[in-house]
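> Have a look; sequence and predicted model below, questions after that.
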Amino acid sequence: MLTADVRFEGWTPIDWGRFLALWKVEQRPKLDADEQAPRGGLVVVHDGGRVRKALHTATGRIDPSTISYPRPLAELAAETHASWVWAFHTGALEELMERWGARVRRGDDALSQALLFFGAFRELLGEGAIDSWPRRLRNVPVPTRAVADRAIDALVPAGKCVLVALYGEPGAPSGAAAGELWTAIVLRRSRDPVARFDVIAGPSELRREMGLISGEFRRDYRHLVEAVESIYAPVAFGVHAEVDVFRRLITSAQPGDWARAVALRDIVVSPLPGVLALPLGVDATRGVVQFATRLARQADRLGIVQPLLRAVGDRLPELPPTTRASPGFDALEVLRRLLNR
């Protein structure tokens, strides 16, 4: 969905490959206990009574006649050793594109198109034409364009940019020396308040502008920020971390891990927009509640405190937003549901 007013620059094949590799699930060493562990996912197309096509992302095509359907998708995942399942009724994808095409208007930007697409997709999920297991985003609403605009405005005002930078760490298998800029992405907001991002930049130019580095990213990140601001725009929101720490957090974070990493400066967030302060505070509270619950299991023999702590923990994801810029849900919780392995 890149448009003519978006510039894509500063990426070498290695840098782009590294950025994409961040979101890839790392394969664990195969142990005897892992021989039957779920791997990959299953995509099935059915007519409501039997499966017409089936594809496993790890093992390839499956003979549809060997799959009993309809049945709970969790059972289907267990039978085919899949970690997730998508089931599409015959014609569901065509219906999705028809609904999306009927709503898109000439001049809609990428954000508007994406919101319309996910709205149509959520409708088909609700109607049962598309089904999935597990439903990680079951209770997460699709934000409206106005809400998305307010969140973007709060995160990165016009004429400023977002920076995410990852660095090598000693002895890590990331392929970068300690403190070296492993990869980075800069998203620059156009000075036109109506427009969105006009630059998607990689780290190629930034490495040259940083100059000599000490090998400790907590000191060197300031040089990177200066390089970004000299080439692109002032940084409104920046995230800096060692690559393996960041990868671990986006794929297997537990409640409180993000807030703990920020507090211990395993992740440096500078500047920190107010729109992200609430999610970090909620995440920290979840971590405290989880820790207190573990202690209560050992000390609370009568079982009086544990139900109260569980009730508090269950209510945390429902905390209402306190700013108009909030998208209406906990952004860190959504990230955890999507990427947790």
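Ah, there it is. Residues are numbered from 1 along each chain as shown.
> only C-alpha atoms for contact and neighbour calcs from this point on.
Noted.
> count of residues packed around residue 206?
21 (other C-alpha atoms under 10 Å).
> Could you do residue 169 as well?
By other C-alpha under 10 Å, neighbour count at residue 169 equals 23.
> With residue 182 instead?
Neighbour count of residue 182, defined by other C-alpha under 10 Å: 23.
> Could you pull up the contacting residues of it?
15, 18, 165, 166, 167, 168, 176, 243 (C-alpha atoms under 8 Å, 6 or more residues apart in numbering).
> hang on, the third one packs against residue 237?
Going back to what we said before, that points to residue 165. No - the pair residue 165 / residue 237 is not scored as a contact, 11.3 Å apart, by C-alpha atoms under 8 Å.
> Of these two, which one has the most company?
Applying other C-alpha under 10 Å to residue 165 and residue 237 shows that residue 165 carries more neighbours, namely 24 against 19.
> Looks to me like that one is in a helix.
No - with DSSP: H, G, I helix; E, B strand; the rest coil as the criterion, residue 165 is located in strand rather than a helix.
> still on that earlier bit, least confident of the contacts of residue 182?
Lowest in pLDDT among the contacts of residue 182 is residue 176, which has 63.
> shaky segments in the stretch 1-150 of the chain?
1-4, 24-37, 137-139 (pLDDT under 70).
> And the helices in the stretch 151-300 of the chain, which stretches?
204-210, 217-231, 243-252, 257-263, 274-299 (DSSP state H, counting those that start in this stretch).
> And these, which one averages the lowest pLDDT?
Among the helices of the stretch 151-300 of the chain, helix 274-299 carries the lowest mean pLDDT, at a mean of 56.
> Can you tell me, leaving aside adjacent residues, what's nearest to residue 11?
Excluding its sequence neighbours, the residue lying closest to residue 11 (C-alpha to C-alpha, 6 or more residues apart in numbering) is residue 202, at 4.7 Å.
> Which parts of the protein are strands?
7-9, 41-46, 51-56, 60-61, 84-89, 130-133, 161-167, 181-189, 197-201, 235-242, 267-269 (DSSP state E).
> Just put those strands in CSV and tack on distance to residue 225.
Converted to CSV, those look like this (distance: least, C-alpha to C-alpha, whole Å):
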stretch, distance to residue 225
strand 7-9, 18
strand 41-46, 40
strand 51-56, 44
strand 60-61, 45
strand 84-89, 40
strand 130-133, 41
strand 161-167, 8
strand 181-189, 10
strand 197-201, 14
strand 235-242, 7
strand 267-269, 12
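> Dump stretch 65-84 to PDB, restricted to CA.
Extracted C-alpha coordinates of stretch 65-84, given in PDB (Å, rounded to 0.1, in the frame of the first residue of the first chain):
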ATOM      1  CA  SER A  65     -10.900 -36.600   2.700                       C
ATOM      2  CA  THR A  66      -8.700 -37.400   5.800                       C
ATOM      3  CA  ILE A  67     -10.100 -34.400   7.800                       C
ATOM      4  CA  SER A  68     -13.400 -34.900   9.600                       C
ATOM      5  CA  TYR A  69     -15.500 -31.700   9.600                       C
ATOM      6  CA  PRO A  70     -17.400 -29.800  11.000                       C
ATOM      7  CA  ARG A  71     -15.700 -30.100  14.400                       C
ATOM      8  CA  PRO A  72     -14.100 -27.700  17.000                       C
ATOM      9  CA  LEU A  73     -11.000 -26.100  15.500                       C
ATOM     10  CA  ALA A  74      -9.000 -26.800  18.600                       C
ATOM     11  CA  GLU A  75      -9.500 -30.600  18.000                       C
ATOM     12  CA  LEU A  76      -8.500 -30.100  14.400                       C
ATOM     13  CA  ALA A  77      -5.300 -28.300  15.500                       C
ATOM     14  CA  ALA A  78      -4.400 -31.100  17.900                       C
ATOM     15  CA  GLU A  79      -5.000 -33.800  15.200                       C
ATOM     16  CA  THR A  80      -2.800 -32.000  12.600                       C
ATOM     17  CA  HIS A  81      -0.200 -30.800  15.200                       C
ATOM     18  CA  ALA A  82      -0.900 -27.200  14.300                       C
ATOM     19  CA  SER A  83      -0.500 -24.200  16.600                       C
ATOM     20  CA  TRP A  84      -3.300 -22.200  14.900                       C
END
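> Before I go, just wanted to say thanks for your time.
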